[in-house]
Each structure stands twice: as C-alpha cells, then as structure tokens.
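> My questions concern the predicted model and sequence given below.
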Amino acid sequence: GDFPIELDTLVVGAGPGGYVAAIRAAQTGQKVTVVEKGTVGGVCLNVGCIPSKALIQAGHRYEHAHGEESMGITTENVSVDFSKVQEWKGSVVNKLTGGVEGLLKGNKVDIVQGEVYFVDKNTVKVMDEKNSQTYTFNNCIIATGSTPIELPTFKYSDRVLDSTGALSLNEIPEKMVVIGGGYIGTELGAAYASFGTEVTILEGLDDILSGFDKQMTNLVKKKLKNKGANIVTKAMAQGVEETKDGVKVTYEANGKEETIEADYVLVTVGRKPNTDELGLEQVGVDMNDKGFIQIDKQCRTNVDTIYAIGDIVEGPALAHKASYEGKIAAEAIAGENAEIDYLAIPAVAFTDPELASVGHTEESAKEAGYEVNASKFPFGANGRALSLNEADGFLNIVTRKEDGLVIGAQIAGPNASDMVSELGLAIEAGMTAEDLALTIHAHPTLGEITMEAAEVAMGSPIHIV
Ligand code: FAD
C-alpha cells in the first residue's frame, strides 16, 4: 500500500535553488526530503553554468595555445581532441554533482528520485517508473527550474540544438548558426568560435546581449569578429531545413530573405518555467500568464504552505538568484524574518571580455529619480591588465551625487565576473566611493581599477588625467 511519508519540508527539484534551500532548511532543524526527477545539481551544474564555463575555458586555452605574437610567443602543431575536452567537462560536472549529493546527505537531507505531482496543499505524489509514493508535508519549496523554449519552425533534433545539445556535441562543427544573441547563445557561440567553428549569430533586436550597454557589447562584438564570428542583428529567423549532414537556415534581414548552411543550428531564444506539469492548478497556486509563480517577499505563494524559488519565479533566471531565494524560503519556514532584496544581484556574461553589472546603471538610476555621477576607469590604464595582455575594457561606478553612495557598477574586462563582487558588497554595505577609494588594494591587481574608478568619483584619480 501507499502509506504516506510525513515530512516537515519537501523540496521539489535539486538545482541551485532546491539543493541550497534543502540544506538551509535542514540547518534550521527541519526534516527535509528533496525530490529530483533528473540529476542533482539541476540545469546549472549539469547542462548550464558549469559545463558552459568549462567549454569556454577550454576554448580560451586552445586559442592562447596558438601563441600570442604580441608577447613573442609562437607555437606549432596545436591540436584539440574534442571528445577529451568533453570528457574533462564531464568530470568537472561529476565532481560537483557528487559534491552536492554529499552535502545533502551530510546535512541529513533525504534525496528521492522521482517526479512530483501535487494532490493538495500538504500532499504530493512522487512517481518513478514503477511506483507512486505519497508524501505529506508542513511546507513545500518548489524549485523546478526552466526549459528552453522551442520555436515551432525550429523543432529540436540532432541538428537543431538547444543549449543542452550544443554543450554535448562530440565534434567541433565547421559551421554553426546561433539563433538568439542573449548571454547563453553568445557564450556558447563564442566558445565554439574559439575552437575554430565559423559561427553566425542571428539576433532579432538591434544588438546582442540585451541588458548591457553598447559600449560594453561593442567590446564583445570586436572579439567575436576576431574569432571569425559573424553577427547579424535585426534578423528574424524563419525556418530550418535539415539536409543530409547539416541544416539550411532561412532568415530575414534588411527586408531580404537569406539562407545560410551549417552543420548545426543552436536555438537560444529564452526559457520557460517548469510549472505546467506539477498539478499546481489543483492546489490553486497563483501563476501569471507566462507560467511564473507569484510570490511575496519571503518566497511564499498565495497558498500558505507552498513556497517557490529560482527560474519558476520572475526576475533574472540566474543560479545565484535561485540559491539566494532558496535560503530565504528555508529561513522563512523556520520562522526567521528573512526577506528578499534584489538591490545588488549581479548579472554576468562570460564572454570575451567578460561583462558584469550590479545594481543601477546610470540610466536606470536616473529613471528611479536619483541624481548620479558615473565614473569610469579604463583597464588600459592598469598595470596588471596590461601585463595580462588584456587591456580592453572599463569599469563604471554609479554613485549618488549628494553623498557618493555606490548604487551600481558595470564592468567590461578580464575577470569582470569576480570584480563585480566587491561592488555588490559596496552596495549591500551602503558604502560610498570614498570608502572604496580609501581601501588599500594590492598592486598590481585588477582590483585597483575599482579603487581608481572610486577616485574618479571623488574627483582625484592618480592614474588618469
Ligand atoms: P534548475 O537548475 O532548472 O533545477 C530544477 C530541477 O528540478 C531540475 O533538476 C529538474 O530535473 C527538477 N524538476 C523539474 N520538475 C520536477 C518535478 N516535477 N519533480 C521533481 N523534480 C523536478 N546562471 C548563472 O547564474 N550563471 C551562469 O553562468 C549560467 N549559465 C547558464 C548556461 C546555460 C547554457 C543555461 C541553460 C543556463 C545558465 N544559467 C546560468 C541559468 C541557471 O542554470 C539557472 O538560472 C538555474 O539553474 C536555475 O536554478 P533552479 O534551481 O531554479 O532550477
């Protein structure tokens, strides 16, 4: 018989939202089970953040292995065994997913393999191939994530790839078309371009990487072109014909219909929340017309026992946002007064150069009614950036005019993804440009760029005039 198993807290999905929520809930003394229908680690660890960064890094290494003439380095006979690259990428993923499993177990969280379906506001059924098991809970945190949107004219296949397919190719394609120049398409396109694939990115809007300003995206486009990639903006992808060993993609640009042949087409046109197959209607959980679950500041839905976090709720679909919300939901269930505050949530594109933004841009600050200063410092005036031979880029700090309070920052340059943390901290801690300027930064480091942009904000920079 199906005797219900009783829990304090059930977590649905073990991605960066769910596994973090489960661990934090267990830390507060809750009896927790996390149910996962696929692999622990979710999209991020298995087919998202981590494998994409691994491929990008391998691509960079390969590019650099071709020598850097400006540094006096030339090389011969550089080659890549792509199936070994994939093996290495897989080993990175396995280390991390194994690590997460260990962390869950170490925190006494039970991991159950299966698919969750809601029965009522305190009950789910968990189905695997053979069985159905009922669980009852006091509280539940849903973290089922998102899936790539499929265009009706680009049905996914062996040649028409979503991001997961593109991450698991076992050859370096000669030619690849990427539909959608968001960060996922641009990162993956750039990774293959680094390996020598002739990449064409088709973007419907007038620029790739929407959300970052033109000065930043121009740097990425320049590098992409150096890698031999072709970027077509205001391009409307129309359809695909699969040939014997490739694809023919048709698109419209400048009022003309064009066809382009390639080995593969990668479609990255957005992701949709996994909320349609959970039986949530049965329980009356409020969703908007796009399927995103509505939550309050503690990640609680309109149903008081059910919380939702990560890609299934609105806001940037990013792993660190999912994890952050996971901690809030777990702490809220434990009776703590944790609340979400998206003030300083960083966004990063792991492109070449990396782009990162946190808090306000100059424009968004003005729209929000602030009087601001925007203070820039170029990587080209920094000794470390020059000695890395990566001097393209800048860091911009947005400060409130009246008191120098740091309210945002944008960075384009090497290691922007790491540098953005200091600026996030400055915003979270309510620091001013003076605080950053008075902090001694080691020399020579890229971090000095942050200090110097703060000095620009103070009106007295040392290394630019
Ligand atoms: P997910 O990671 O999607 O996990 C949800 C889990 O729930 C899955 O494991 C799924 O199997 C499970 N599940 C679904 N339905 C059920 C059910 N009914 N029962 C049981 N289990 C279920 N973000 C970043 O911050 N940085 C990056 O660099 C980055 N790069 C990315 C690159 C790519 C190619 C992609 C696709 C995404 C990337 N992201 C990145 C986004 C990031 O992966 C997501 O924002 C993040 O994974 C969302 O976490 P989540 O916990 O909400 O959901």
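In hand now; what should we look at?

> Which single residue of the stretch 101-250 of the chain ends up nearest the ligand?
Going by CB to the nearest ligand atom, the ligand is nearest to G145 of the stretch 101-250 of the chain, at 1.9 Å. All C-beta atoms are positioned from the backbone trio N, CA, C, and that covers glycine.

> so that residue sits right up against L45, yeah?
No: using CB atoms under 8 Å, G145 is not in contact with L45, being 11.5 Å away.

> what is in contact with these two at once?
G15 (CB atoms under 8 Å, 6 or more residues apart in numbering).

> Quick check: nearest residue in space to V372, chain neighbours excluded?
Using CB to CB, 6 or more residues apart in numbering and skipping the chain neighbours, the partner closest in space to V372 is A365 (4.6 Å).

> residue contacts, that neighbour?
Applying CB under 8 Å, 6+ apart, we find A365 in contact with 372, 398, 400, 407-408.

> do the same with K223
Residues in contact with K223, defined by CB under 8 Å, 6+ apart, are 190, 351-353, 392.

> Now the residue nearest to the spatial centre of the chain: closest residue in space that isn't a chain neighbour?
Ranked by distance to the mean C-alpha position of the chain (CA atoms, centre = their mean), the top residue is L318 at 4.4 Å. In this structure, L318 finds its nearest non-sequential neighbour in A347, 6.8 Å apart by CB to CB, 6+ apart.

> Need the pLDDT of the one you found.
In this model, A347 is scored at 97, pLDDT.

> quick one: contacts for the closest residue to the ligand within the stretch 201-350 of the chain?
As assessed by CB to the nearest ligand atom, the ligand sits closest to G310 within the stretch 201-350 of the chain, at 2.1 Å. Counting by CB under 8 Å, 6+ apart, G310 touches 13, 15-18, 143, 145, 321-322, 325-326.

> redo that, cut-off 6 Å
Residues in contact with G310, defined by CB atoms under 6 Å, 6 or more residues apart in numbering, are 17, 143, 145, 322.

> Inside strands: which ones of these?
Using DSSP state E, no member of the contacts of G310 falls in strands.

> Export those to a markdown table and append columns for pLDDT.
Shown next, in a markdown table, are the contacts of G310 (pLDDT from 0 to 100):
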| residue | pLDDT |
| --- | --- |
| G17 | 98 |
| A143 | 99 |
| G145 | 98 |
| A322 | 98 |
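
> May I have the secondary structure class of the residue nearest to V372?
What DSSP: H, G, I helix; E, B strand; the rest coil gives for A365 is helix.

> Contacts for the helix or strand containing A457, please.
A457 belongs to helix 447-458 when assigned by DSSP states H and E. Applying CB under 6 Å, 6+ apart, the contact partners of helix 447-458 are 373, 375, 377, 382, 395, 397, 399, 422, 433, 436-437, 441, 461, 463.

> Swap in 8 Å and give it another go.
With CB under 8 Å, 6+ apart as the criterion, helix 447-458 contacts 373, 375-377, 379, 381-382, 384-385, 395-397, 399, 404, 406, 409, 413, 419, 422-423, 433-437, 439, 441-442, 461-464.

> count of neighbours near G228?
12 (other CB atoms under 10 Å).

> Cross-check the contact I'm expecting between it and A193.
Yes: in this structure G228 lies within contact range of A193 using CB under 8 Å: 6.2 Å.

> hey, what's in contact with both of those two?
V199.
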